[in-house]
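Participant: Quick one, what's the 3D model for this:
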Amino acid sequence: MNYISIQDINSLSKWVKSALKIKKNPLKNQELGKNKTLGMLFFNPSLRTRLSTQKAAINLGMNVMVMNFTNEGWTLEFEDGAIMDSGASEHIKEAAEVVSQYCDIIAIRAFAGLADKEKDYAETVISGFLKYATVPIVNMESAVRHPMQSLADAITMEEYKTKHKPKVVLSWAPHPKALPQAVANSFVEMMQMQKDMDFVITHPEGYELSPEITKDCKIEYDQNKAFENADFVYVKNWSNFKDYGKVTNTDPNWTVTAEKMALTNNGKFMHCLPVRRNVIVSDEVLDGENSIVIQQANNRTYSAQLVLQKILKKL
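Facilitator: Now for the predicted structure:
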């Protein structure tokens, strides 16, 4: 069993219930991971993902090894048949097979490069490990998806929803740097699995996500209109998909403020973190009583623990 996409889940509602059960007694299955090793490979920085996944593994009794490829590992070649006469020192074929001998599960974090859409959406790094590793692979954020985050988001909304069919808004917000679409993509895919929620995406015209991801989701270009009567407002920047990887809009009018949140149904503010204060969201909103970003981050442990627990039971 691999966990690459939120779509690998057979029943989101059942998984969320299982995660909340784990949260009540996180040390219940400490024997499950005994003498098993999780290898965590980072091609990009991390705070919540690294610590929450490591904590989840420890809760299950696992050993954990962490490697930062940015400054510790050899540069890897992912193209089959490549003539490796410059740059990369090791091919993914050997690397993945070798790491598989040391670990029972491999978790990988590798962001989009945002220079080549075709290469990013082919998921070069994750695909290479899936092809050549001989143990299960877990996605800790890839070029296209962040399914650990979206599972934690589903858990958080289940905890905080106050009515049967809440309205959920995914809103773009400005950012000075080009950011991947992975978090937004996985949030959209998770929401498409929700049976009892109304969902709308809001962003400036020209900032549409991949149509293969959004499909028939409702899109509203008027942020204020989208926020009306919302129960959850999930805010995230992403770089341009059409003009791939570019920042083509930094309009501060898309920053989430208290005035905009006042349009909601006493809505909860969500963000995956890290967040740029007073660019993505105002201090007043982020520090306000309806901000649940810290609780959301806490649930990262239980989303990771559920994924690892499911895989361990199949080993």
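
Participant: got a pLDDT number for the residue nearest to Ala173 when sequence neighbours are not counted?
Facilitator: Excluding its sequence neighbours, the residue lying closest to Ala173 (Cβ to Cβ, 6 or more residues apart in numbering) is Ile280, at 4.4 Å. Bear in mind the C-beta positions are built from the backbone N, C-alpha and C, glycine included. For Ile280, the model assigns a pLDDT of 98.

Participant: Can you show me the strands along the protein?
Facilitator: For the chain, strands defined by DSSP state E occupy the ranges 37-42, 63-68, 76-77, 90-91, 105-109, 137-139, 167-171, 198-202, 218-220, 232-235, 268-270.

Participant: Just give the strands next to the third one in its sheet, each with its orientation.
Facilitator: I take that to be strand 76-77. In the sheet, strand 76-77 lines up against strand 90-91 (parallel) (DSSP bridges).

Participant: who's in contact with the partner strand?
Facilitator: 74-78, 82, 84 (Cβ atoms under 8 Å, 6 or more residues apart in numbering).

Participant: mind redoing it with 7 Å?
Facilitator: For strand 90-91, the surrounding residues in contact (Cβ atoms under 7 Å, 6 or more residues apart in numbering) are 74, 76-77, 84.

Participant: ok, the closest residue to Pro45 other than its chain neighbours to Asn59 distance?
Facilitator: In space, and not counting its chain neighbours, Pro45 is closest to Thr70: 7.9 Å by Cβ to Cβ, 6+ apart. Per Cβ to Cβ, to the nearest Å, Thr70 is found 27 Å from Asn59.

Participant: what about those two, which has more around it?
Facilitator: Asn59 (23 against 11; other Cβ atoms under 10 Å).

Participant: Of all the helix elements in this protein, which one is longest?
Facilitator: helix 293-312 (DSSP state H).

Participant: what residue is smack in the middle of this structure?
Facilitator: The residue lying closest to the centre of the chain (Cα atoms, centre = their mean) is His146, at 2.5 Å.

Participant: So for the longest helix of the chain, mean pLDDT?
Facilitator: Mean per-residue pLDDT for helix 293-312: 98.

Participant: can you give me the offset of that helix from its chain's centre?
Facilitator: Chain-centre distance of helix 293-312: 11 Å, with Cα atoms, centre = their mean, to the nearest Å.

Participant: what sits up against it?
Facilitator: 1, 3, 15, 18-19, 22-23, 26, 29, 32-33, 36, 38, 48, 52-53, 55-57, 59-60, 105, 136, 138, 148, 151-153, 155-156, 270-271, 273, 286.

Participant: quick one, domains of this structure?
Facilitator: What automatic domain parsing lists as the domains of the chain is 6-145+300-314, 147-296.

Participant: From start to finish, how long is the shortest one in a straight line?
Facilitator: In terms of Cα to Cα, to the nearest Å, the two terminal residues of domain 147-296 are separated by 14 Å.

Participant: Same check on the longest one?
Facilitator: Distance between the boundary residues of domain 6-145+300-314 (Cα to Cα) amounts to 18 Å.

Participant: please renumber so the chain begins at 264
Facilitator: Sure, I'll start numbering at 264, so the last one becomes domain 269-408+563-577.

Participant: And that domain, how far out from the chain middle?
Facilitator: 12 Å.

Participant: repeat for stretch 515-528
Facilitator: 24 Å.

Participant: again, but for stretch 457-467
Facilitator: Counting by Cα atoms, centre = their mean, stretch 457-467 comes out at 17 Å from the chain centroid.

Participant: Identify the residues contacting that stretch?
Facilitator: Against stretch 457-467 from outside (Cβ under 7 Å, 6+ apart): 275, 427-435, 451, 454, 477, 480-484, 486, 489, 512, 514, 517.

Participant: Restrict that stretch to CA atoms and write it as CSV.
Facilitator: What follows is stretch 457-467 as a C-alpha-only set of coordinates in CSV (Å, rounded to 0.1, in the frame of the first residue of the first chain):
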residue,chain,number,x,y,z
GLN,A,457,-17.0,15.2,0.8
LYS,A,458,-20.7,14.3,0.4
ASP,A,459,-22.2,16.9,2.8
MET,A,460,-20.4,20.1,2.1
ASP,A,461,-20.9,23.0,-0.3
PHE,A,462,-17.6,24.0,-1.9
VAL,A,463,-16.4,27.0,-3.8
ILE,A,464,-13.0,28.1,-5.1
THR,A,465,-12.2,31.8,-5.3
HIS,A,466,-9.2,33.4,-7.0
PRO,A,467,-8.3,36.2,-9.5
